[in-house]
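**Q** For reference, the sequence and a predicted model appear below.
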Amino acid sequence: MKKLLLSISLLVSLASIAQNEIVLQSDKGKDIISKNIYGHFAEHLGHCIYGGFYVGDNNSKIANTNGVRLDVIAALKKLKVPVLRWPGGCFADTYHWKDGIGAKDKRPSMLNVWWGNVKEDNSFGTNEFLNMCELLGAEPYLSGNVGSGSPQELSDWVKYVNHPNGSSPMPDLRLQNGRPNPWHVKYWGIGNEAWGCGGNMKPEYYANVYRQYATFMNNGNEKIYRIASGASDADYNWTEVLMRDIPHNMLDAVALHHYSIISWAKKGPSTNFTEEEYFSIMQSALQMNELVEKHSAIMDKYDPKKKVALVVDEWGGWYEVEPGSNPAFLFQQNTMRDAMIAGTTLNIFNNHCDRVRMANLAQIINVLQSVILTKEEKILLTPTYHVMEMYNVHQDATMLPITLNCNDYTMGKEKLKAISASASMDKNGVTHISLVNIDANKEQEVNININGANYTSVTGRILTSDKLQDYNSFENPNKIKPVIFNQAILSKNSLKLKMPPFSVIVLELK
Ligand code: AHR
């Protein structure tokens, strides 16, 4: 009996230290991880644009070029922001772009009715945004007003930013505003959340409206990508109707929005959260995998060749605002929990890069899961920034398939996969593997079996901290930052490492 109990307890303890097994197929890469998966989103909301990017032209003491903060641009250049969505969000379907061009003292004001009823003076408009994208080296993604606009207004916007000089009144207007050459904007959203703040439409109705707007977005011989306002979360019928009712020669992508949230009624704090709240957010974040797979399966039915992309143009964690801040400004801190959301979500996008060809984190500065927070002249980089910077090695690299068998991270009867991973090979033949251990308490040992390559060196970087609730503050902006990780052991075709609880590691193999 004693013997039996001993062997049972041995088996139990072996199970609890079971390793996580990954098989990496280094010679089976096929699909490219579009750099646009690492895209961002900037709305006229709170201090994303005003105070975040833009400090105005009136002698701000913050270093700027034409009102755009230089510290922010420098940080975002290191991040390699590929694409930036603007001006919303819900704001987009109230925005009339002609109010935001020409002499600033002549631009009419409006109330920003979605976000706090604050005055929008239109001092940051089309020229300011597109010039800023040039400074950043990012492709602009303009979200057109469908909810309260007109096909004419959107068609004029295309002409204003893209048509050659002298071809019609809109490019002439651009010239008068000091910009002779077109900006060649490729990415165009036709409305935002048309099922909600963008007009409360039914999918059949929106599909018709889309067809009408898309028809007049004429851009000569230059290709533009028209992106349909997509589903919220698991609204699969939305994707089904759009894929069925919109001809695919006028549809380049269908969007999807999914926020990691505990519940809309009780979002929980962004910093002093409990482990239960963390677990619940990670359940919501990891749901992205199922959403991407199920929306993609519907798209496959209508578009087996995957011509139409799935664009997740809003994603990220959403919590209660920081105490004392305007509730309509959605300003929240960013902890190691957000690093877990970012790392796992980007792995999901990488692994589904055959269909997911753009994604935009909501939102880039001072709103929701930001990469930068600002406080007057101060700026800090969040843990999410560091994950996106560590992961930018995957941009435009070839995705390498992996299989993953891993331990669970449990909370009561609920379970989540403790490990998330993705891998790619860049143009120089260098392989990168990004790994996340979301377990709040346990170190995880990871074994990677390599097929199809003989690597001889491994280096890496790790992001972690003492507590899951840790964050970078204006007083201590560098508390969390990536450091060298040199504890991965490579021998022949196997790579072994131990991942601390709530950590992100990116390895480089040559
Ligand atoms: O990102 C904040 C808001 O969330 C956006 O304006 C809207 O599209 C979504 O509901």
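**A** Done, it's in.

**Q** Poorly predicted segments of the stretch 51-200 of the chain, please.
**A** Judged by pLDDT under 70, the stretch 51-200 of the chain has no weakly predicted residues.

**Q** redo that, cut-off 90
**A** The model of the stretch 51-200 of the chain has pLDDT under 90 over residues 57-59, 166-167.

**Q** again, but for the chain
**A** For the chain, the stretches with pLDDT under 90 are 1-19, 57-59, 166-167, 218-221, 492.

**Q** And what about the one residue sitting closest to the centre of it, helix, strand or coil?
**A** Centroid check for the chain by CA atoms, centre = their mean gives residue 361 as the closest residue, at 2.5 Å. Three-state assignment for residue 361 (DSSP: H, G, I helix; E, B strand; the rest coil): strand.

**Q** Using PDB, write down the CA coordinates of stretch 457-472.
**A** Coordinates of each C-alpha in stretch 457-472 appear next as PDB, following Å, rounded to 0.1, in the frame of the first residue of the first chain:
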ATOM      1  CA  SER A 457      23.700  30.300 -31.400                       C
ATOM      2  CA  VAL A 458      20.900  31.700 -29.300                       C
ATOM      3  CA  THR A 459      20.400  35.100 -27.700                       C
ATOM      4  CA  GLY A 460      17.400  36.600 -26.100                       C
ATOM      5  CA  ARG A 461      15.600  39.400 -24.200                       C
ATOM      6  CA  ILE A 462      13.100  39.100 -21.400                       C
ATOM      7  CA  LEU A 463      10.400  41.400 -19.900                       C
ATOM      8  CA  THR A 464       9.200  40.600 -16.400                       C
ATOM      9  CA  SER A 465       8.900  42.300 -13.000                       C
ATOM     10  CA  ASP A 466       8.500  41.400  -9.300                       C
ATOM     11  CA  LYS A 467       4.800  41.800  -9.300                       C
ATOM     12  CA  LEU A 468       2.100  41.400 -12.000                       C
ATOM     13  CA  GLN A 469       0.600  44.700 -10.900                       C
ATOM     14  CA  ASP A 470       3.900  46.600 -11.500                       C
ATOM     15  CA  TYR A 471       3.900  49.500 -14.000                       C
ATOM     16  CA  ASN A 472       6.100  52.300 -15.200                       C
END
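
**Q** next structured bit after the host helix or strand of residue 495?
**A** In the assignment (DSSP states H and E), residue 495 maps to strand 494-499. Next along the chain after strand 494-499, taking DSSP H and E as the criterion, comes strand 503-509.

**Q** Just checking: what are the partner strands of that following strand?
**A** According to DSSP bridges, strand 503-509 forms sheet pairs with strand 431-437 (antiparallel), strand 458-463 (antiparallel).

**Q** what's the following helix or strand after the shortest one?
**A** Okay, so that is strand 458-463. Downstream of strand 458-463, the first helix or strand assigned by DSSP H and E is strand 483-484.

**Q** And the contacts of that next one?
**A** Residues outside strand 483-484 that contact it (CB atoms under 8 Å, 6 or more residues apart in numbering) are 459, 460, 461, 462. No exception for glycine: its C-beta is placed from N, CA and C like everyone else's.

**Q** After it, which helix or strand is next?
**A** Per DSSP H and E, the helix or strand that comes after strand 483-484 is strand 489-491.

**Q** For residue 83, state which of the contacts of strand 483-484 is nearest.
**A** Among the contacts of strand 483-484, residue 461 lies closest to residue 83 (CB to CB), at 24.5 Å.

**Q** Excluding chain neighbours, give the residue nearest to the closest one in space.
**A** residue 482 (4.4 Å; CB to CB, 6 or more residues apart in numbering).

**Q** Tell me who's in contact with the one you found.
**A** So residue 482 contacts 386, 389, 390, 461, 462, 463 (CB under 8 Å, 6+ apart).

**Q** Please repeat the previous calculation with a cut-off of 10 Å.
**A** Residues in contact with residue 482 (CB atoms under 10 Å, 6 or more residues apart in numbering) are 383, 386-387, 389-390, 460-464, 504-506.

**Q** Now the two most distant members of those residues.
**A** Among those, 383 and 460 lie farthest apart (CB to CB), at 17.3 Å.

**Q** Those two - which one has more neighbours?
**A** residue 383 (30 against 22; other CB atoms under 10 Å).

**Q** With respect to burial, which of the strands paired with strand 503-509 scores highest?
**A** strand 431-437 (a mean of 26; mean count of other CB atoms under 10 Å).

**Q** how far away is the closest residue to residue 202 other than its chain neighbours from the ligand?
**A** Spatial nearest neighbour of residue 202, chain neighbours left out: residue 195 (7.8 Å); criterion: CB to CB, 6+ apart. Going from residue 195 to the ligand by CB to the nearest ligand atom, to the nearest Å gives 10 Å.

**Q** Doesn't residue 195 lie inside a helix?
**A** No: assigned with three-state DSSP, residue 195 falls outside any helix and is coil.
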